[in-house]
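Novice: Here's my sequence, what's the structure:
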Amino acid sequence: MSRGNVRVRPAATSDISELTALSVDHGLADHLGRRGRKTDTTSMADRYVSLLGDPDRLVLVAVDEATDNLVGFAVLVEERVGVLTPTATLYISHLLVAPSYRKRGAGRALLTAAVRHAEDREVGHVVVGVQAAARDANRYLARLGFAPLVVRRIASVQTLRRSLSIVDSLDRVALRRRRTTVRGVLPGRVVGRGA
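Specialist: Prediction:
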């Protein structure tokens with residue numbers, strides 16, 4: 001599939017170094033997108049090896065036909081949205097295009113390939129994961145017809161413990177320490193005041 005000078009194809013193991021470089025350059029290698037931290041490119045490459053070996057996921061890459069450089073990618077997985085009334089969707093967890101190839105058809109080519117994949121699998125909806133703060137990406141997707149689905153928020157357990165004023169009783173603290181020491185694993189759920 002091509003649009004202009006961009007061709008889209010399934011990723012291969014030979015693409016891992018370029019996928020890793022593109023991910024690192026755009027902060028995907030950092031936990032939850034935090035920039036400024038030293039990135040372990042080996043673990044990111046290992047993630048791509050695992051991802052490419054997963055039969056439930058498909059990684060598509062956009063390649064510049066003139067230079068044969070990888071200029072973008074999308075990670076696709078079929079999933080059901082909603083618990084009570086599940087709807088089959090094709091979820092694009094990552095849609096990334098190198099800045100120098102934005103507004104040149106690479107994103108559109110990746111989305112076109114995703115739509116064709118959804119049609120081949122008889123899936124009626126496409127969902128794209130995008131950060132709320134990514135204004136340009138959100139505007140682009142809205143112009144294509146994507147509507148907001150849900151807002152998902154994330155917080156660390158430690159942040160919630162502080163915010164909810166969860167305090168462990170001395171018995172629970174002692175039990176937690178014992179479990180951690182004996183088994184080397186964290187204990188189950190601990191409920192304190194305010195729950």
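
Novice: average model confidence for stretch 87-100?
Specialist: The average pLDDT within stretch 87-100 is 90.

Novice: buried sites along it?
Specialist: For stretch 87-100, burial by neighbour count (16 or more other CB atoms under 10 Å) applies to Thr89, Leu90, Tyr91, Ile92, His94, Leu95, Leu96, Val97, Ala98. No exception for glycine: its C-beta is placed from N, CA and C like everyone else's.

Novice: And for stretch 65-73?
Specialist: Residues Leu70, Val71, Gly72, Phe73 are the ones in stretch 65-73 that count as buried (16+ other CB under 10 Å).

Novice: any weak-confidence spans in the protein?
Specialist: Counting by pLDDT under 70, the chain has low-confidence residues at 1-4, 27-40, 169-195.

Novice: And it, split by domain according to the record?
Specialist: 2-143, 155-195 (automatic domain parsing).

Novice: Of those, flag the one that's most buried.
Specialist: domain 2-143 (a mean of 15; mean count of other CB atoms under 10 Å).

Novice: Looking at the buried residues of stretch 65-73, which is nearest Leu84?
Specialist: Of all the buried residues of stretch 65-73, Phe73 has the smallest distance to Leu84: 33.3 Å, by CB to CB.
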